[in-house]
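Enquirer: Sequence first, then the predicted structure, then my questions.
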Amino acid sequence: MTLVRRIARPLLAAQFVTGGLDAVRNPASKAPTAATVARRIAGKVPYLPEDPEQLVRLNGAAMLGAGVLFALGRFPRLAALVLAATLVPTTLAGHRYWEEEDEQARKLQRIQFTKNIGLLGGLMLAAVDTEGRPGVAWRTRRAARDARRAARVAGRGARREARLARVQAVSHLPGH
């Protein structure tokens, strides 16, 4: 892992670890804000609880767990995807600046909204970062190409062996 990744991952994860821990410990303070978005999500995703407080706690646990994994560099691409998935409903529920009446409150919520959008961009980059190693798509294409090449070579070898066997069989016939 490069020095930049070693430093950047914990910095990016810090917001999720602290926010996730707070959501797990104090879901009641966030549940009223999350209620409208939480109910819509719970209605569309099977097996999710419909209680906003439980959903806040579940989202917080996902943030906390994925944030720690991401900070430590363990399963960083998967952790970044999980963090991105937790960030979207959090942002839509908690920072609805377009609904604010007070101009100062609207400004603060817009700042938080754009901060979360920036975090989402960083997570998207982290989710596709292969750390200089070939990605799954490249490795799949490479394996398919190698398999086709091996099949061609094996086919040529089989045809050559068949020809040799035919020549040998003919040479062993009586009268040759």
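Expert: Nice, thanks for sending it over.
Enquirer: Which of the helices or strands spans residue 123?
Expert: Secondary structure assignment for residue 123, by DSSP states H and E: helix 103-128.
Enquirer: Just checking, which helix or strand succeeds that helix along the chain?
Expert: helix 136-171.
Enquirer: can you give me the mean pLDDT across that following helix?
Expert: If you average the pLDDT over helix 136-171, you get 87.
Enquirer: Can you give me every residue that contacts residue 52?
Expert: 31-32, 34-35, 38-39 (C-beta atoms under 8 Å, 6 or more residues apart in numbering). C-beta coordinates here come from the backbone N, C-alpha and C atoms, glycine included.
Enquirer: What of residue 24?
Expert: 57, 60-61, 64.
Enquirer: Let's have the residues you listed in TSV, adding distance to residue 15, secondary structure and pLDDT.
Expert: Formatted as TSV, the contacts of residue 24 follow (distance: C-beta to C-beta, whole Å; DSSP: H, G, I helix; E, B strand; the rest coil; pLDDT from 0 to 100):
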residue	distance to residue 15	secondary structure	pLDDT
57	18	helix	94
60	12	helix	96
61	16	helix	97
64	11	helix	97
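Enquirer: Out of those residues, which end up buried?
Expert: 57, 60, 64 (16 or more other C-beta atoms under 10 Å).
Enquirer: so which of the residues you listed comes closest to residue 113?
Expert: residue 60 (19.3 Å; C-beta to C-beta).
Enquirer: confidence score at the closest residue to that closest one other than its chain neighbours?
Expert: Leaving aside its chain neighbours, residue 60 sits nearest to residue 23 (2.6 Å; criterion: C-beta to C-beta, 6 or more residues apart in numbering). At residue 23, the predicted lDDT confidence score is 95.
Enquirer: One more: residue 36?
Expert: 82.
Enquirer: rewinding a little: just the element for the residue nearest to residue 60, please.
Expert: Going by DSSP H and E, residue 23 is part of helix 3-25.
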